[in-house]
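# Return atomic coordinates for the entry below.
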Amino acid sequence: MSERPEHVAGFVIIIMILGILIIVGGIIALILAAPTLMNLQEGFSPIIGIVGIIVGAIYLMLGFGLWMLKNWARILTIILAILTIIGSILGLFIFPIGTVAGVIGLFLSIIIIVYLTREDVSAYFKTLKI
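Numbering: from 1, shown residues only. A predicted model of the protein is given here:
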C-alpha cells in the first residue's frame with residue numbers, strides 16, 4: 001500500500017469545505033445574535049455561533065490530519081460525522097432555515113462515514129506508520 005487511497009484528496013477537500021462553511025455559518029449566527037447581545041431584542045443565541053466556529057475549526061484540523069493519513073483523524077472524523085448527522089436531523093426540526101444546511105450536512109456526513117469505514121481505506125490508515 002504505497003499510494004494514497006483513491007479519493008482521499010477529494011474527501012479532505014469536502015471536509016475542509018464543510019469546516020469553512022460551518023465557520024461561516026457560526027459567524028453569521030453571531031451577527032444575527034448581535035441584537036440579543038446588546039439587549040435590543042429577544043432572539044438568536046450566540047452559543048450557536050460559537051459552537052459553529054469551534055466545530056468548523058475541528059473539521060479543518062481533522063482535514064489536515066486526514067491529509068497526513070493519521071488514523072486518529074479518521075476515527076475522530078467518523079465520530080464527528082455521526083454527531084453531525086444527529087445535529088442535522090435535529091436542525092431539520094428546530095430551524096426552518098437550517099433545512100438546506102441540515103440535508104447537506106446529513107448527506108456529506110453519511111458519505112464521509114461510508115468512505116472512511118471502507119475496509120481498504122481503514123486498513124491503509126491503520127498500517128501507515130509515518
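# Report the buried residues of the one helix or strand residue 52 maps to.
Secondary structure from DSSP states H and E places residue 52 in helix 46-67. Neighbour counts over helix 46-67 (16 or more other C-beta atoms under 10 Å) mark 46, 48-49, 52-53, 55-56, 59-60, 62-63, 65-67 as buried. No exception for glycine: its C-beta is placed from N, CA and C like everyone else's.
# Which residues outside it are in contact with it?
Helix 46-67 has contacts (C-beta atoms under 8 Å, 6 or more residues apart in numbering) with 8-9, 11-12, 15-16, 18-33, 36-37, 72-74, 76-77, 80.
# how far does it sit from the chain's center?
Distance, stretch centre to chain centre, for helix 46-67: 7 Å (C-alpha atoms, centre = their mean, to the nearest Å).
# Please apply the same query to stretch 64-81.
For stretch 64-81, the distance to the chain centre is 11 Å (C-alpha atoms, centre = their mean).
# Mind exporting the C-alpha coordinates of that stretch to CSV?
The C-alpha coordinates for stretch 64-81 follow below in CSV (Å, rounded to 0.1, in the frame of the first residue of the first chain):
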residue,chain,number,x,y,z
PHE,A,64,-5.2,18.2,7.9
GLY,A,65,-4.9,15.0,9.9
LEU,A,66,-6.6,13.0,7.2
TRP,A,67,-4.3,14.6,4.6
MET,A,68,-1.4,13.3,6.6
LEU,A,69,-3.2,9.9,6.7
LYS,A,70,-3.4,9.8,10.5
ASN,A,71,-5.7,7.1,11.9
TRP,A,72,-6.7,9.3,14.9
ALA,A,73,-8.0,11.8,12.4
ARG,A,74,-10.0,9.1,10.6
ILE,A,75,-11.6,7.9,13.8
LEU,A,76,-12.4,11.4,15.1
THR,A,77,-13.8,12.3,11.7
ILE,A,78,-16.2,9.4,11.8
ILE,A,79,-17.3,10.4,15.4
LEU,A,80,-17.8,14.0,14.3
ALA,A,81,-19.7,12.9,11.2
